[in-house]
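**Q** Just a sequence and a predicted model for now, questions to come.
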2 protein chains.
Amino acid sequence: MPKLPKIHARREHDPGKLFKVERLDLEFSNGVKRTYERLRSHGLGAVIVVAMRDNDTVLLVNEYAAGLHHYELGLVKGRLEHGESVLEGAQRELMEEIGYGAHDMIELTALSLAPGYMTHVTHVVLARDLYPAKLIGDEPEALEIVPWPLSDLYTLVQQPNCTEGRSIAALYITRDYLQKETE
Amino acid sequence: MPKLPKIHARREHDPGKLFKVERLDLEFSNGVKRTYERLRSHGLGAVIVVAMRDNDTVLLVNEYAAGLHHYELGLVKGRLEHGESVLEGAQRELMEEIGYGAHDMIELTALSLAPGYMTHVTHVVLARDLYPAKLIGDEPEALEIVPWPLSDLYTLVQQPNCTEGRSIAALYITRDYLQKETE
């Protein structure tokens, strides 16, 4: 487990520099009126990559997560960049975060973060037939790669540092998908 | 499927009224310095409830989700209130959203939303041995209850309106937990 970064300073920041909030005046079909707020994603969506080294082994990464100030064990992921397709973004993130490309990529589904008040969408990409290919990304440190058997997600989700709903959902969805494929 | 609410107006809102953002000046163990931003949760955490009507049937709700402007098929959930324990909050949300209480409740795990830049934590509660008990909540309309077999999550996650990572993760984790229980 890597050593946690030191927090030298913590200060308040103007939320308007990072987030855009929208108010919606709504009228429900029963006539009830409400105003709801939602956080608008600035970005182009995100991608989460299930990188399979073989039929049962997924390559996880242990990456510093500032929200919880711990090293989170989860899937390769990142934001899409301008002009990039979902599969291109997945390929780039894979090369940057774990040093592999994939000959075989397919989008399995798209997940939302908190659909009640966030517009964010994350595309889930299954990556197979990996080959070594490193791209330099913006990571502040090399990420630890942790191979994990898809057949034992139960033990994985009991790890205190494997917490992210999207990652866990993507892993189970992939396991189901691979199972159906061989049926 | 309920009829979508009408959007009478959409306007920008000051993000500072809803969200708090913090900047962290970090120094990684390799000496690299970075400044990361994170969205601080104002709340006390949230709860997501897996309400089982019998050993295989979970009660889902179809609830308007402003972030995606669709009716999202997912689990009962809501924010914890001041002075409430996780199980008390789960009980309240269950009564408000689907009109049941539960004699048997257990917290299975806690999930994060986007641990890289959000501090949010959601407690996953398994609720069994249900009994009718209605509390009036702040929902603008009655929620449609959709019973679903845990044995067929594969079909569920292919529904275009079942998208939320946390809900899907909680359902799979519960299925594994119930399976282990009977082993």
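**A** Received it, and whenever you're ready, just let me know what you need. Numbering: from 1, shown residues only, chains lettered A, B, ... in the order given.
**Q** what about A:L108, helix or strand, and which?
**A** Using DSSP states H and E, A:L108 falls within strand A:100-112.
**Q** Would you mind splitting chain A into its domains for me?
**A** By the assignment in automatic domain parsing, chain A contains the domains A:6-40, A:46-181.
**Q** For the shortest one, buried residues please.
**A** Along domain A:6-40, these residues count as buried under the neighbour rule (16 or more other CB atoms under 10 Å in any protein chain shown): A:13, A:15, A:18-19, A:21-24, A:26, A:28, A:34, A:36-39. The C-beta positions use only the backbone N, C-alpha and C, and glycine is treated the same way.
**Q** and the two most separated of the residues you listed?
**A** Within those, A:H13 and A:F28 form the most distant pair, 35.5 Å apart (CB to CB).
**Q** Give me the distance from stretch A:155-165 to the chain's centre.
**A** With CA atoms, centre = their mean, to the nearest Å as the basis, stretch A:155-165 stands 14 Å off its chain's centre.
**Q** tell me the mean pLDDT over that stretch?
**A** Regarding stretch A:155-165, the rounded mean pLDDT is 96.
**Q** what's the span of it from first residue to last?
**A** End-to-end span of stretch A:155-165 (CA to CA, to the nearest Å): 15 Å.
**Q** and that stretch with chain B, contact?
**A** Yes: contact between stretch A:155-165 and chain B, assessed by CB under 8 Å from any CB of the partner chain, occurs at A:V157, A:Q158, A:T163, A:E164, A:G165.
**Q** Now tell me what touches that stretch from outside.
**A** For stretch A:155-165, the external contacting residues (CB atoms under 8 Å, 6 or more residues apart in numbering or on different chains) are A:62, A:68, A:70-74, A:148, A:168, A:171, B:109-115, B:121-122, B:164-170, B:173, B:176.
**Q** same thing with stretch A:2-13?
**A** So stretch A:2-13 is contacted by A:62, A:64, A:69-71, A:140-141, A:144, B:20-29, B:33, B:37 (CB under 8 Å, 6+ apart).
**Q** Recalculate using a threshold of 7 Å.
**A** The set of residues external to stretch A:2-13 that reach it, using CB atoms under 7 Å, 6 or more residues apart in numbering or on different chains, is A:62, A:64, A:69, A:71, A:144, B:21-29, B:37.
**Q** Can you classify the residue of chain A positioned farthest from its centre by secondary structure?
**A** In chain A, A:G31 marks the outermost C-alpha relative to the chain mean, sitting 38.1 Å out by CA atoms, centre = their mean. Three-state assignment for A:G31 (DSSP: H, G, I helix; E, B strand; the rest coil): coil.
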